[in-house]
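Colleague: pasting the structure only:
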């Protein structure tokens, strides 16, 4: 399968076994979906079916009123290139976005060079093919970082995501909170700027952060007793 080798972003693979979001024709031939930056425009994403290598969704994140020669760094809402992405199926949660619609829909979490993170959801009918990002609505978009996002990790249950950047901030994003929840996004400062990678333990309670200077730290995520979420996580630095 052809890819743009100049992209910084890694692909995101989502197995389709057990998923209820695909049509019968796609389900019969698809074993997984893979999301990766667009072949031409690195600020947009495509979703392909495997092993058939059919492109199901093209140019997700397409911005209108932009030159065909743009790299995503200019224009009214410049985001820069995609630095990290995560394709997943929306959880079945009564407080979830668009709860009146299907309980499980395809979503794509995008982290950008500008420090912005955006969550998009496909609102089309059973994975109808889409072009130019049509049908991929923005659920929210937020910028917690002042520098480019270097890495993003999503919890195993797709309930929250963490990002690190060239700055000293660890960003946290609640992926299931109601849209009216103002505490959905939180910033957690660390002692050192220049964080280049992040890993998350399977239970979502501990994350490891790697810096550009070769140092690593283990950060414990402390759950708040009242809300039982990680939005009040305290970052405790412990050099390894």
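Modeller: Right, received. Where do you want to start? These numbers come from a predicted model, not from an experiment.

Colleague: alpha carbons only for contacts and neighbour counts from here, please
Modeller: Will do.

Colleague: measure stretch 162-175 end to end?
Modeller: 11 Å (C-alpha to C-alpha, to the nearest Å).

Colleague: actually stretch 140-155, not the one I typed
Modeller: Terminal-residue distance, stretch 140-155 (C-alpha to C-alpha): 18 Å.

Colleague: then stretch 132-140?
Modeller: Stretch 132-140: ends 19 Å apart by C-alpha to C-alpha.

Colleague: any idea how far that stretch is from the chain center?
Modeller: 14 Å (C-alpha atoms, centre = their mean, to the nearest Å).

Colleague: so which bits of it are buried?
Modeller: Across stretch 132-140, burial judged by 16 or more other C-alpha atoms under 10 Å covers 132-137.

Colleague: by mean pLDDT, which helix or strand of this structure comes out lowest?
Modeller: helix 24-29 (a mean of 55; mean pLDDT, DSSP states H and E).

Colleague: the very next helix or strand once past that helix pairs with which strands?
Modeller: Next helix or strand after helix 24-29 toward the C-terminus (DSSP states H and E): strand 32-37. Using DSSP bridges, strand 32-37 pairs in its sheet with strand 12-15 (antiparallel), strand 45-50 (antiparallel).

Colleague: show me what the last one is in contact with.
Modeller: Spelled out, it's strand 45-50. 29-38, 54-61, 82 (C-alpha atoms under 8 Å, 6 or more residues apart in numbering).

Colleague: what mean pLDDT does stretch 60-68 have?
Modeller: Stretch 60-68 comes out with an average pLDDT of 69.

Colleague: now do stretch 83-91
Modeller: Mean pLDDT, computed over stretch 83-91, is 92.

Colleague: quick one: residue 44 from residue 208, how far?
Modeller: Going from residue 44 to residue 208 by C-alpha to C-alpha gives 28 Å.

Colleague: more neighbours: those two, which one.
Modeller: Between residue 44 and residue 208, counted using other C-alpha atoms under 10 Å, the more crowded position is residue 44 (25 against 17).

Colleague: residues contacting that one?
Modeller: Listed by C-alpha under 8 Å, 6+ apart, the contact partners of residue 44 are 37-38, 59-62, 81-82.

Colleague: pLDDT wise, what is it at?
Modeller: Model confidence at residue 44, given as pLDDT, is 96.

Colleague: what domains does the record give for the chain?
Modeller: Following automatic domain parsing, one gets these domains for the chain: 1-143, 153-240.

Colleague: distance from the last one to the middle of the chain?
Modeller: What that stands for is domain 153-240. For domain 153-240, the distance to the chain centre is 14 Å (C-alpha atoms, centre = their mean).

Colleague: pLDDT on that domain, on average?
Modeller: Averaging pLDDT along domain 153-240 yields 77.

Colleague: next one: residue 178 from residue 32, what distance?
Modeller: Distance from residue 178 to residue 32, by C-alpha to C-alpha: 29 Å.

Colleague: contacting residues for the residue nearest the centre of the chain?
Modeller: The centre of the chain sits closest to residue 109, judged by C-alpha atoms, centre = their mean, with a distance of 2.4 Å. Residue 109 is in contact with 85-87, 117-120, counting by C-alpha under 8 Å, 6+ apart.

Colleague: same check, this time on residue 116
Modeller: Residue 116 neighbours (C-alpha under 8 Å, 6+ apart): 79, 141-145, 149.

Colleague: try it again with 7 Å
Modeller: Residue 116 sits next to 79, 141-144 when contact means C-alpha atoms under 7 Å, 6 or more residues apart in numbering.

Colleague: and for residue 30?
Modeller: Neighbours of residue 30 in contact, by C-alpha under 7 Å, 6+ apart: 16, 49-52.
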